[in-house]
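In: Below is the sequence, then the predicted model.
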Amino acid sequence: MSDPDYRAIYEVTYKDGTEKGYSHFDEFENIEEIIGLHIAEADLIDPSIGNLVNLESFSLVSSNDILPENFWNLTKLKNLHLCHYIDDELPESLGNLVSLEELNIKMSDKITTLPQSIGNCSNLKKLEIDECNNFNFLPETIGKCINLEEIEWHTGCDGEGDHTHKHLPKSIGNLVNLKKLELIDGTVYLPESLGNCIVLEHLNIRCNTNLKSVPDFIYKLANLKFLDISYNKIYNTPYFANNEKLVIENRNWPRGF
């Protein structure tokens, strides 16, 4: 039986800032000095990546394999980027990444939500879900990520106009440090608890099919600086009497479109 073929594009960053490219993991030098790793076009992922105990940044693009279980024990990892990830879901062991500050999932249509263990990632500051067209809801445990400052959830509609549903949990109101929230394209369900995110400055709910008016609780967001309600069914731009400096975008389709 032949050995597994772990050939891929490996781009490695070392602590001193040096960047090198490899085609096999066993070519890596000084693995204890590696803090960044980008893998692309891998048919199989070498389980040896679990030995990169000082890894802080990792990205995976267009792999035909899922991450090995030992990857999720890299407790120094701060940035995780997955693009075209093929697994149906992320494992509960995601919660082991206690240093994680940024999680980016892009164009991974099999993933519908995050594991409940995301609540263990208390250092998470930015969550980005981009063009994951079956990603429908965030778990209640996201409310434990109290250091979250940005959530960007962008999902395109298909050619026939069907949109993804986006469900925010009530626990979103626990994110007292949330400054930026983007929920673009789809049918969005906004809980009233969002009004508790009092430091929120940027809210983009553009291209959401079920919004016919601005929910009352949004008027409570006194620190809001930018609000985009374009391409919904809100034809009259709302007036925020207590926040006259607020910039509101409300471009729209013609009535009856």
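Out: Structure's in. What do you need?
In: Residue 199 against residue 180, yeah?
Out: No. If you go by C-beta atoms under 8 Å, residue 199 and residue 180 don't touch, sitting 10.2 Å apart. In this view, the C-beta of every residue, glycine as well, is placed from N, C-alpha and C.
In: ok, now how distant is residue 101 from residue 80?
Out: Going from residue 101 to residue 80 by C-beta to C-beta, to the nearest Å gives 9 Å.
In: Just give the nearest non-adjacent residue to residue 200, would you?
Out: Leaving aside its sequence neighbours, residue 200 sits nearest to residue 221 (C-beta to C-beta, 6 or more residues apart in numbering; 5.2 Å).
In: burial count for the one you found?
Out: When neighbours are defined as other C-beta atoms under 10 Å, residue 221 has 22 of them.
In: One more: residue 63?
Out: So residue 63, with other C-beta under 10 Å, has 21 neighbours.
In: That one contacts residue 71, correct?
Out: No. In this structure, residue 63 is not within contact of residue 71 by C-beta under 8 Å, at 11.9 Å.
In: how about the strands in the stretch 101-250 of the chain?
Out: Remark: strands assigned in the stretch 101-250 of the chain by DSSP state E, counting those that start in this stretch are 102-106, 126-130, 150-154, 165-167, 180-184, 187-189, 202-204, 226-228, 247-249.
In: Mean pLDDT, mean neighbour count and distance to residue 174 added to those, as JSON lines?
Out: Formatted as JSON lines, the strands of the stretch 101-250 of the chain follow (pLDDT from 0 to 100; neighbours: other C-beta atoms under 10 Å; distance: least, C-beta to C-beta, whole Å):
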{"stretch": "strand 102-106", "mean pLDDT": "97", "mean neighbour count": "18", "distance to residue 174": "18"}
{"stretch": "strand 126-130", "mean pLDDT": "97", "mean neighbour count": "19", "distance to residue 174": "14"}
{"stretch": "strand 150-154", "mean pLDDT": "96", "mean neighbour count": "19", "distance to residue 174": "13"}
{"stretch": "strand 165-167", "mean pLDDT": "85", "mean neighbour count": "17", "distance to residue 174": "16"}
{"stretch": "strand 180-184", "mean pLDDT": "95", "mean neighbour count": "20", "distance to residue 174": "14"}
{"stretch": "strand 187-189", "mean pLDDT": "85", "mean neighbour count": "17", "distance to residue 174": "17"}
{"stretch": "strand 202-204", "mean pLDDT": "96", "mean neighbour count": "20", "distance to residue 174": "17"}
{"stretch": "strand 226-228", "mean pLDDT": "95", "mean neighbour count": "19", "distance to residue 174": "22"}
{"stretch": "strand 247-249", "mean pLDDT": "92", "mean neighbour count": "13", "distance to residue 174": "27"}
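In: right, so of those, which gets closest to residue 4?
Out: The closest of these to residue 4 is strand 102-106. By C-beta to C-beta, the value is 26.1 Å.
In: Next one: residue 227 from residue 130, what distance?
Out: Counting by C-beta to C-beta, the separation of residue 227 from residue 130 is 21 Å.
In: same thing with residue 89?
Out: 17 Å.
In: Give the burial count for residue 241, as a bare number.
Out: 6.
In: Next one, pLDDT for it please.
Out: If you check residue 241, the pLDDT there is 76.
In: Any chance of JSON lines for the strands of the stretch 101-250 of the chain, columns distance to residue 39?
Out: JSON lines is the format used below for the strands of the stretch 101-250 of the chain (distance: least, C-beta to C-beta, whole Å):
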{"stretch": "strand 102-106", "distance to residue 39": "15"}
{"stretch": "strand 126-130", "distance to residue 39": "19"}
{"stretch": "strand 150-154", "distance to residue 39": "23"}
{"stretch": "strand 165-167", "distance to residue 39": "30"}
{"stretch": "strand 180-184", "distance to residue 39": "28"}
{"stretch": "strand 187-189", "distance to residue 39": "34"}
{"stretch": "strand 202-204", "distance to residue 39": "31"}
{"stretch": "strand 226-228", "distance to residue 39": "35"}
{"stretch": "strand 247-249", "distance to residue 39": "38"}
